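J.: Okay, here's the prediction I keep looking at, along with the sequence it came from:
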Amino acid sequence: MNANLLSKLEIVERLISAGKIGDAAIQIKKLISRKVPRPHVAALAGFARRANLPHDSLRLLSPYVRLFEKEASDLATADEKIQYASTLIYIGATQEGFQLLDTVSSTNHPDVSFHRALGLISEWRYDEAAVVLETYLKSAALSSYQSSVARANLFASLLFLEKFGEAQSLRDRLITETEAKGMENLRGNIFQLSTILAIHQNDEKCARDYLAKSEKVFGQSPRNLRLLRKWRAVLEITVVRGGNKEKWIESLRNLSTEAIQSRQWELRRDCEKYVALATRDEQKLLKLYFGTPYENYRTHLLKEWGEAIELPKDYLWKIGDKKKFSTIDVTRAEIAMKPLCKAGGINHLLLRALSGDFYRPIRIAELHAKIYPGLHYHPDASPARVKTAVLRLRKDLEGSGISDAIQAQGNGYGFSKEASLELLVSRGEALNASAIYLGKLASAWPVRPFTAKEASKLTELPRRSLSRLLREALEQGSLQQEGRGKSSRYRFGQK
């Protein structure tokens with residue numbers, strides 16, 4: 001049985017390496033329909049994540065790593081924890097994934113560093129990712145494929161950080177080794193990254209050469225070809241001599257629309273950015289700034305703009321194309337100067353989360369982390385919990401005359417353009433969920449002690465989330481505890 005299973009796992013790995021994700025997913029579904037011996041669960045879970053079956057990956061590992069939202073089991077192996085954490089990062093529960101990776105030694109298990117780097121890159125934290133990847137590449141235990149993939153991610157990080165000299169040295173090595181090892185998909189990605197490097201270096205000839213090579217590799221991949229079309233347009237806008245610039249700007253606008261249909265959300269954001277830069281459209285720039293939740297991206301965006309711009313405190317995000325809009329103040333949870341929902345409550349946190357990114361739906365795992373801080377993600381219970389919260393916010397919106405405002409979109413939720421909304425979004429730091437709940441407790445009981453039961457009733461938090469909130473506040477010194485067990489009381493300020 002094990003020999004047969006190993007053979008099938010090898011087939012799955014080859015399919016994934018060849019980019020045949022759909023075929024790999026079919027084989028994985030067949031394998032997980034039976035009892036999988038534990039020694040092979042971590043490997044199969046890793047393949048499931050890579051084949052875009054993240055919840056199957058979590059279900060395989062949950063009984064060993066985190067049985068129904070509990071803390072990581074001491075009985076879980078390092079590989080099981082790493083695979084579980086990497087899948088959490090993949091679906092957007094990044095901080096929880098990082099916390100689980102912290103329980104495994106990166107010295108003994110270098111993959112900890114690699115998956116941490118991927119999580120950092122997903123948040124545009126390329127400076128931190130580059131440091132982690134450089135450490136990872138020093139490990140003697142890496143396969144040639146692992147080393148090449150890590151170097152490719154380091155290459156991308158160096159480009160964002162504008163360390164073009166280091167990036168060029170890495171490029172030459174990567175082109176040589178991916179060709180020697182027959183890594184065609186990775187080689188195509190290196191050619192694409194090399195195109196970006198050449199554009200930054202104003203080397204039109206090299207940019208066109210690398211773009212053509214990448215197009216040759218990805219000729220049968222519509223998703224990759226859309227990315228290359230973006231870089232073709234950026235290249236032409238950069239070097240255009242004459243009156244064809246508008247043609248390529250229009251190409252980016254069309255590609256942005258296509259990206260919505262293909263759910264390539266970062267492609268959409270990037271197209272909008274290059275249109276804003278090419279047309280010097282301040283309003284489009286401000287929409288990108290307020291509509292992107294990544295601080296490093298926003299900082300880099302202003303740097304690319306190249307001149308001072310006055311940033312307002314708030315931005316009015318219009319959704320839909322009708323003439324009449326319903327305006328919601330997201331920070332205050334108000335509509336037409338009247339309360340929409342309970343400020344600081346679950347519905348308010350959900351409203352803020354959904355307003356955090358203008359260019360993509362917010363993934364379920366991200367929403368769960370923002371509205372239920374400290375509660376571990378579970379592949380079945382958490383999506384159901386988020387769906388319930390969405391239904392409650394929809395009910396609040398319907399009570400204010402706004403119907404069908406929130407839609408399920410892929411593996412997340414977002415605002416519907418049919419709703420015709422205006423959302424007033426603040427530029428300040430997004431409210432930290434823990435700070436909101438502690439603020440509510442401090443307002444209710446600024447002096448007198450309170451019990452966990454009273455706190456639970458006021459915050460409406462699940463028991464585990466409340467326990468973590470109180471524990472973290474005690475560790476930070478925000479709260480003091482009096483008594484133990486059922487007689488415990490908590491208070492703010494000095495005793």
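T.: Nice, I can see it.
J.: ok, what's across the strand from the closest residue to residue 473 other than its chain neighbours?
T.: Leaving aside its sequence neighbours, residue 473 sits nearest to residue 479 (CB to CB, 6 or more residues apart in numbering; 4.2 Å). For the C-beta atoms, the positions are set from N, CA and C on the backbone; glycine is no exception. Beta-bridge pairing of residue 479 under DSSP bridges involves residue 492.
J.: okay but residue 479 is in contact with residue 472, surely?
T.: No. Contact between residue 479 and residue 472 fails when scored by CB atoms under 8 Å: they sit 9.2 Å apart.
J.: More neighbours: which of these two?
T.: residue 479 (21 against 15; other CB atoms under 10 Å).
J.: per-residue pLDDT, the more buried one?
T.: Predicted confidence (pLDDT) at residue 479: the value is 89.
J.: tell me the contacts of it?
T.: Counting by CB atoms under 8 Å, 6 or more residues apart in numbering, residue 479 touches 470, 473, 490-492.
J.: same thing but at 10 Å, please
T.: 438, 441-442, 449-450, 469-473, 490-493 (CB atoms under 10 Å, 6 or more residues apart in numbering).
J.: How much space separates it from residue 139?
T.: 42 Å (CB to CB, to the nearest Å).
J.: So for stretch 101-117, what gets flagged as buried?
T.: For stretch 101-117, the neighbour count (16 or more other CB atoms under 10 Å) marks 101, 104, 106, 109-117 as buried.
J.: Could you list the residues in contact with the host helix or strand of residue 454?
T.: Element membership of residue 454 [criterion: DSSP states H and E] is helix 452-459. The contact list for helix 452-459 (CB under 10 Å, 6+ apart) reads 344-346, 436-438, 440-441, 443-445, 450-451, 461-463, 465-467, 469-470, 486, 488-490.
J.: Okay, strands next: where are they in the chain?
T.: Listed in chain order, the strands of the chain (DSSP state E) span residues 314-319, 326-329, 334-335, 338-339, 362-363, 406-409, 412-415, 421-426, 479-482, 489-492.
J.: want to throw these into a markdown table with distance to residue 456?
T.: Putting the strands of the chain into a markdown table (distance: least, CB to CB, whole Å) gives the following:
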| stretch | distance to residue 456 |
| --- | --- |
| strand 314-319 | 34 |
| strand 326-329 | 29 |
| strand 334-335 | 27 |
| strand 338-339 | 23 |
| strand 362-363 | 26 |
| strand 406-409 | 27 |
| strand 412-415 | 26 |
| strand 421-426 | 29 |
| strand 479-482 | 15 |
| strand 489-492 | 12 |
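J.: So which of those is nearest residue 209?
T.: Nearest to residue 209, of all the strands of the chain, is strand 362-363, at 37.2 Å by CB to CB.
J.: Summarise which helices and strands the closest one is packed against.
T.: Identification of packing neighbours for strand 362-363 by 3 or more CB pairs under 10 Å, 6 or more residues apart in numbering; DSSP states H and E yields helix 346-354, strand 412-415.
J.: Show me the one of the ones you listed that comes nearest residue 168.
T.: Using CB to CB, these put strand 412-415 closest to residue 168, at 37.6 Å.
J.: which residues are contacting the closest one?
T.: 91-92, 265, 317, 319-320, 350-351, 353-355, 357-367, 386-387, 389-390, 393, 405-409, 421, 423.
J.: picking up where we left off before, now do the helix holding residue 454, average pLDDT.
T.: pLDDT averaged over helix 452-459 gives 85.
J.: ok, and for that helix, which residues are buried?
T.: 455, 458-459.
J.: Skip the chain neighbours and tell me the closest residue to residue 463.
T.: That would be residue 456: by CB to CB, 6+ apart, it lies 6.9 Å from residue 463.
J.: I'd say residue 264 and residue 360 touch.
T.: Yes. If you go by CB atoms under 10 Å, residue 264 and residue 360 touch, sitting 9.4 Å apart.
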